[in-house]
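Undergrad: Give me a 3D structure for the following:
(2 chains)
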Amino acid sequence: MNDSGTTMAKETMQAIGDKSKNSESSEVKMFGLLAEFETPGAILSAAKKVNEAGYKWWDCCVPFPVHGLDKAMGVRPTILPWIVLGAGITGAILGALLQWYTNAATLELWSGPITVTGYAFLVSGKPFASIPTWIPVMFELTILLAAISCVVFMFVLNKLPQFYHPCFNVKRFARVTDDRFFIVIEARDPNFYQEKTAEMLTSLGATAVEEVPA
Amino acid sequence: MAAASALPNENRYLGELGPKLYMRLGGLGILLIAGSYGLSKLMGDDSARFWRAYLVAYFFVLSICLGALFFTILQHLTRAGWSVVVRRISEGLVANLKWIWIGFIPIIVLVWTGNAHELYHWTVGADALPEGSPEQAMLEYKDAYLNPMFWTLRAAAYFVIWFVLARFFVGNSIAQDTTGDAKTTTRMQTIAAPAMLLYAFTQSYAAIDWIMTLEYAWFSTMFGVYFFAASCCGFGATLILMVSFLQKTGRVTQSITTEHHQEMGKFLFAFGIIFWAYIGYSQYMLIWYANIPEETTWFMIRQLGSWKWLSYLIIFGHFFVPFIVLLSKHPKRFKIMLVSACLWLFAIHYVDMYWLTMPSIPMEMFAEATSYEALSIDFPVSQYAAEYDLSFQFFDLTLWLGFACLMFGGAAFALRNQALIPEHDPRLYESLAYENI
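TA: Prediction:
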């Protein structure tokens, strides 16, 4: 999931309107080509070559994380950490504001028919604005927002949940959850030419190359 | 993985550097400690001040070596793969625990000869306190636990347990280098669970017996955990510094990679910075909130005069700054950055031990005070400042350096003939090939 996820994140950066010339011109509508490999080593070296060949719309599907695959594929770092950092900081500020406001008796937020004011309540003689008491709430909100944003944006960036993917039309692809490693090159890639791409995949050591109907 | 089953071609022994390191560091360490003692006599300081500085430096080294013991046991307990290549270097620090009792003998002698009254106030005994005073009642109440006999027996028990644990984990690991027996690892894993329990109890009680009872009136159930978290910080920084030093001298350059540095950085960040701050804050917050004089005075002492600035230095220098600096994975993988952060944390860990141990104002003075206002009436701050304010002495520095030299020298001595990675650990290849996902 990691590997496919980050590539798809890469895809989202690209212009969606960049529909491939190849798929339109070909008679049978196809999604792309699926190449099967038998070992992690084989897919690692193949992925490196595919990346070097300049393909952009392609992905690796593997049964378990293959170390170094991200690097071989040239996957750019994800922006997820920055989103999480932003969410965490937002949580901390929100926590501070919440407590600052709820403990401030004089502040009037609305002066209309309803007046919303903070409710200053003296607890154990502590000051109303007291940083040690604020920390737990700020901490929890930081963690809450950071964790939730991490999960939610992981799904968003991976375009999950995805209920249909053309690859599953290929019977062979079922073994991706077991013991086979696949490279999918999509037909919309500007570098995609069916014969040439198939030839390249075979030369990279693919045990089988199949068309994926759209 | 045929290619990986051969060990990388690199220098994995201290070789000539070993004797150089332990002779020089050991000599320098002893010289510095002896010199510090001479210096304190020369300056005509009261000996209590010297022995407090001695305790600070001692706890600094003790905490780092205990952190190393924790780390080593933890790796066996969790059957960790990544850490195998750095475990031997941490075992070098663990080996110091076999001899660390020597450094505590002077303190035990002080307690038994009745010269530790200013160091451990409880040693004066309940009878010496004003008749009918609350202090006397408190000390009488604690007498069953806090008396020189039981205190010394406990100390002996800790040292024996640490000796046995260090011997077992370091000895077996080194024996495996020659026997190549995978069963040794299984055995260490089995022992790791009870060993972790023993470690947890002894280090908590040691922290309570030796640091917390500097003020017998004060108590905090979190204190042992605080010391543990601090020790993880000191150890994490020390481990990275030692690995970086060895790599700088051209050793273990292939087997320990950036991946392992990042992983060590994570350990330091999680245990030594975040967990430390979490525990430190939790301890402070509960005491601050409950606001009971016998608990708050301990913190009050540390908020008066210049101590306040030391407290701020620890809050920012031990948490906020390192937290921001080491949060991302990039600084953990960028050697200069990581090593600089570790040097800083190595120093700030000393400040933390100083902050725990050094403030020496007797808490009885605060017994009636409930606030700053009350305090300044009963007990003028100016008087406090003159007598008990933070006063950094030159021998604080030399003692710290002396003990640090002995610690590194001891580690070099333990590893003088050993490979710097456990060459026959069954998980070694997993560790060599380790990558962060």
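Undergrad: I'd like to check which residues are in contact with residue A:173.
TA: Residues in contact with residue A:173 (Cβ atoms under 8 Å, 6 or more residues apart in numbering or on different chains) are A:34, A:61, A:167, A:182. Heads up, the C-betas are built off the backbone N, CA and C, glycines and all.
Undergrad: can you rerun that using 10 Å?
TA: By Cβ atoms under 10 Å, 6 or more residues apart in numbering or on different chains, the contact list for residue A:173 reads A:34, A:36, A:61, A:165-167, A:180, A:182, A:184, A:210, A:212.
Undergrad: From the contact counts, what lies against the helix or strand hosting residue A:94?
TA: If you go by DSSP states H and E, residue A:94 is part of helix A:80-102. Contacting helix A:80-102 under the criterion 3 or more Cβ pairs under 10 Å, 6 or more residues apart in numbering or on different chains; DSSP states H and E are the following elements: helix A:2-13, helix A:131-157.
Undergrad: Going by mean pLDDT, which of these comes out lowest?
TA: Among these, helix A:2-13 has the lowest mean pLDDT, at a mean of 46.
Undergrad: if we can go back for a sec, tell me which residues in the helix holding residue A:94 are buried?
TA: Judged by neighbour count using 16 or more other Cβ atoms under 10 Å in any protein chain shown, the buried positions of helix A:80-102 are A:80, A:83-84, A:87-88, A:91-92, A:94-96, A:99, A:102.
Undergrad: what does the average pLDDT come to for stretch B:420-428?
TA: 93.
Undergrad: no no, stretch B:323-334
TA: Mean predicted confidence for stretch B:323-334 is 94.
Undergrad: Give me the distance between the two termini of it.
TA: 16 Å (Cα to Cα, to the nearest Å).
Undergrad: Name the residues that touch it?
TA: A:77, A:81-82, A:85, A:88, B:240, B:257-259, B:261-266, B:268-269, B:272-274, B:277, B:316, B:337-338, B:340-342, B:344-345, B:436.
Undergrad: Residue B:421: what's its closest spatial neighbour, skipping adjacent residues?
TA: residue B:85 (4.8 Å; Cβ to Cβ, 6 or more residues apart in numbering or on different chains).
Undergrad: if I read this right, that neighbour contacts residue B:432, doesn't it?
TA: Yes: counting by Cβ atoms under 10 Å, residue B:432 is a contact partner of residue B:85 at 6.6 Å.
Undergrad: circling back to that earlier point, tell me which two in the contacts of residue A:173 are the farthest apart.
TA: Across the contacts of residue A:173, the longest distance by Cβ to Cβ is 17.3 Å; it joins A:166 and A:180.
Undergrad: These two: which is more packed in?
TA: Per other Cβ atoms under 10 Å in any protein chain shown, whichever of residue A:166 and residue A:180 has more neighbours is residue A:180, with 20 against 17.
Undergrad: so what's that one up against?
TA: Applying Cβ under 10 Å, 6+ apart, the residues contacting residue A:180 are A:36-39, A:43, A:61-63, A:172-174, A:207-208.
Undergrad: Contact partners for the closest residue to chain B within chain A?
TA: Nearest to chain B, among the residues of chain A, is residue A:67, at 4.4 Å (Cβ to the nearest Cβ). Residues near residue A:67 by Cβ under 10 Å, 6+ apart: A:40, A:44, B:259, B:433-437.
Undergrad: If I look at the residue of chain A positioned farthest from its centre, what pLDDT would I see?
TA: Distance from the centre of chain A peaks at residue A:125, with 48.8 Å (Cα atoms, centre = their mean). Per-residue pLDDT puts residue A:125 at 81.
Undergrad: Same question for the one 5 residues further on.
TA: Reading off the per-residue confidence, residue A:130 sits at a pLDDT of 83.
Undergrad: ok, so what distance separates residue B:132 from chain A?
TA: Per Cβ to the nearest Cβ, to the nearest Å, residue B:132 is found 31 Å from chain A.
Undergrad: On the three-state scheme, that residue is what?
TA: Classification of residue B:132 by DSSP: H, G, I helix; E, B strand; the rest coil places it in coil.
Undergrad: and residue B:43, how many neighbours does it have?
TA: There are 12 residues near residue B:43, going by other Cβ under 10 Å.
Undergrad: Dump the buried residues of helix A:80-102 to a markdown table, plus distance to residue A:153.
TA: Formatted as a markdown table, these follow (distance: Cβ to Cβ, whole Å):
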| residue | distance to residue A:153 |
| --- | --- |
| A:80 | 6 |
| A:83 | 5 |
| A:84 | 8 |
| A:87 | 8 |
| A:88 | 13 |
| A:91 | 14 |
| A:92 | 18 |
| A:94 | 18 |
| A:95 | 21 |
| A:96 | 23 |
| A:99 | 27 |
| A:102 | 29 |
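Undergrad: okay, among those, which ones form the most distant pair?
TA: So, the buried residues of helix A:80-102 by Cβ to Cβ: farthest apart are A:80 and A:102, at 32.2 Å.
Undergrad: and chain A, which of its residues are near chain B?
TA: A:2, A:41, A:65-68, A:70-71, A:77, A:81-82, A:85, A:88, A:123-126, A:130, A:132-133, A:135-136, A:139 (Cβ under 10 Å from any Cβ of the partner chain).
Undergrad: For ChimeraX, write the selection for the buried entries among those.
TA: To isolate the buried ones among those in ChimeraX, judged by 16+ other Cβ under 10 Å, type:
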select /A:2,66,67,70,88,133,135,139
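Undergrad: Could you list the low-pLDDT ranges of the stretch 301-437 of chain B?
TA: B:361-387 (pLDDT under 70).
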